[in-house]
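**Student:** What follows is a predicted protein model with its sequence.
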Amino acid sequence: GSVGPLAGRDFTHTASVTAGGDVLAIAGRDLIAGSGNVTSGGNVLIQVGGGGVQGTMSLGSLNAARQVSLVASGDILDGNAGALNVRATALSLRAEGIGTQADPLDLSVGTVAAEAGNGIYLRQLSRDLTIGHVDAANV
């Protein structure tokens, strides 16, 4: 089935979560998942912050059979020190900043679309990468 944790403020994810369907996670402020792993048989949608609240996402490992959409009112950062952050067919990213020059997000995706006001730092670890448009994930 699908999984959908919601947090009014911060959400810290340190366990492994496996869902046969989609995964939806929403945090009112920050999501910290450096040691957490998510495996989805469908789509993954994670959203942090919003409504005037700065939300930062620190990624562990996301593995989706379909696509991953990540939205943060602050930054999306690599939280697992160089290990793979996202494996999916497609990835959509929207944040103030995505990765850093010293620690980019580590990917294995087919297509990526990203929008950020303060820089986008990505590293494709395997397979060819298409940069383009990715429709929003439906979960």
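**Tutor:** Good, I have the coordinates. Numbers count the residues shown, from 1 in each chain.
**Student:** CA atoms for contacts and neighbours, from now on please.
**Tutor:** Will do.
**Student:** Help me confirm that Gly41 comes into contact with Gly20.
**Tutor:** Yes - using CA atoms under 8 Å, Gly41 is in contact with Gly20, at 4.5 Å.
**Student:** quick one: contacts for Val86?
**Tutor:** Residues in contact with Val86, defined by CA atoms under 8 Å, 6 or more residues apart in numbering, are Ser61, Leu62, Asn63, Val68, Asp106, Leu107, Ser108, Val109.
**Student:** can you pick the most crowded of the residues you listed?
**Tutor:** Comparing the contacts of Val86 by number of neighbours (other CA atoms under 10 Å), Val68 comes first, having 30 neighbours.
**Student:** That one and Ser40: what is the separation?
**Tutor:** 10 Å (CA to CA, to the nearest Å).
**Student:** the more surrounded of Gly41 and Gly20?
**Tutor:** Between Gly41 and Gly20, Gly41 has the larger neighbour count (other CA under 10 Å), namely 18 against 15.
**Student:** Could you check how far that one is from Val3?
**Tutor:** The value you get for Gly41 to Val3, if CA to CA is used, is 11 Å.
**Student:** and for those two, which residues touch both?
**Tutor:** Ala19, Gly21, Asp22.
**Student:** Could you single out the nearest of those residues to Gly8?
**Tutor:** Asp22 (20.6 Å; CA to CA).
**Student:** Now do the same contact list for the closest one.
**Tutor:** Gly1, Ser2, Val3, Ser40, Gly41, Gly42, Asn43, Val44, Val139.
**Student:** quick one: it and Gly50, what's the gap?
**Tutor:** 22 Å.
**Student:** Could you do Ala95 as well?
**Tutor:** Distance from Ala95 to Gly50, by CA to CA: 11 Å.
**Student:** One more: Leu62?
**Tutor:** For Leu62, the distance to Gly50 - CA to CA - is 22 Å.
**Student:** Let me know the pLDDT of Ala137.
**Tutor:** What the model reports for Ala137 is a pLDDT of 56.
**Student:** for Arg123, that is, sorry about that
**Tutor:** 94.
**Student:** surely it meets Val109?
**Tutor:** No - counting by CA under 8 Å, Arg123 stays clear of Val109, with 10.4 Å between them.
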